[in-house]
Structure formats: C-alpha cells, structure tokens
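Visitor: Show me the folded form of this:
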Amino acid sequence: MIQMQTEKGGITVSNSVFTNIVGMAASNCFGVKGMAVRSMTDGLVHLLRREAMGKGVLVNFHEDNSISIDLHIMVDHGINLTAVADSIISEVRYVVQKTTETEVRDVNVFIDSMIVGA
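Guide: Residues are numbered from 1 along each chain as shown. Okay, the predicted model is just below:
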C-alpha cells in the first residue's frame, strides 16, 4: 500500500489497485494472451480471465514509496519474446507512473507459457 500526502489530504492506494492496473496494461500489449498463474494442485499454468488478472501480478512496496512489479504472462506462439517483454516493461512502467504517480523501480516479466493457434 502506498500513502501520499497532498495539500488537500491523504491518499492511500491499495495493492489491488496496482495489480489491476498492471494486469490491464500488460494484457493490452501485442502478443500477450493474458496473465498466468501456476496451480498449486496440478502444477500447470492457467490463463486467467480478465476479472482475475491481478492474480498473475506481485507488487513489492519499498520504504521510499516506490514499487517493484513481478508479472506472469502467457504469450502467442512465434513472437519475439524479448520484444514482447520490453514492450510490457515499458507500458507497465508508464501506465503505473502516469495513473498513480508512484515510482516503479523494477518490472520483471516471467513468460510462463506459449499458446499455439487460438
């Protein structure tokens, strides 16, 4: 959770706000099928629906009110993984900083699976 003070009062931004912003920003990037989560029961990677995409995101808060972001994604088969990851990092950093005015230290992208066809 991030807390900010303005001349009009205090603002608190919760973890769920950050995870939803990150999930939407990453999902809108070219080649991204969606957010991913590894099942604890069967060990398989599952594609998350749009309303649950925040589960593929981990936000770490730092003492200086900056954040680090880890996100797990599924991508289309046959795309350039480096280009997609760079695009996601840039987009997530920009959207989070623009919407919340929070400094983003790191964005770590974990490509958990590729989807063929579909």
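Visitor: which other residues reach the biggest helix by length in the chain?
Guide: As assigned by DSSP state H, the longest helix anywhere in the chain is helix 81-100. Here helix 81-100 makes contact (C-beta atoms under 8 Å, 6 or more residues apart in numbering) with 2, 13, 17-18, 21-22, 24-26, 28-32, 67, 69, 71, 73, 75, 102-104, 107, 109, 111. The way it works is simple: take the backbone N, C-alpha and C, and place the C-beta from them, glycine included.
Visitor: and these, which of them are in strands?
Guide: Among the contacts of helix 81-100, the residues falling in strands (DSSP state E) are 2, 13, 32, 67, 69, 71, 73, 75, 104, 107, 109, 111.
Visitor: Which of those residues are buried, as a ChimeraX select command?
Guide: Only the buried entries of the ones in strands among the contacts of helix 81-100 go into this ChimeraX selection, using 16 or more other C-beta atoms under 10 Å:
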select :2,13,32,67,69,71,73,75,104,107,109,111
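Visitor: Only the buried residues of the longest helix of the chain, if you could.
Guide: By 16+ other C-beta under 10 Å, the buried positions in helix 81-100 come out as 84-85, 87-89, 91-93, 95-96, 100.
Visitor: One more: stretch 11-19?
Guide: Buried residues in stretch 11-19, counted by 16+ other C-beta under 10 Å: 13, 15, 17-19.
Visitor: For V45, see how far away the residue nearest the centre of the chain is.
Guide: Centroid-nearest residue in the chain: V22, 3.5 Å away (criterion: C-alpha atoms, centre = their mean). Note on V22: its distance to V45, by C-beta to C-beta, to the nearest Å, is 18 Å.
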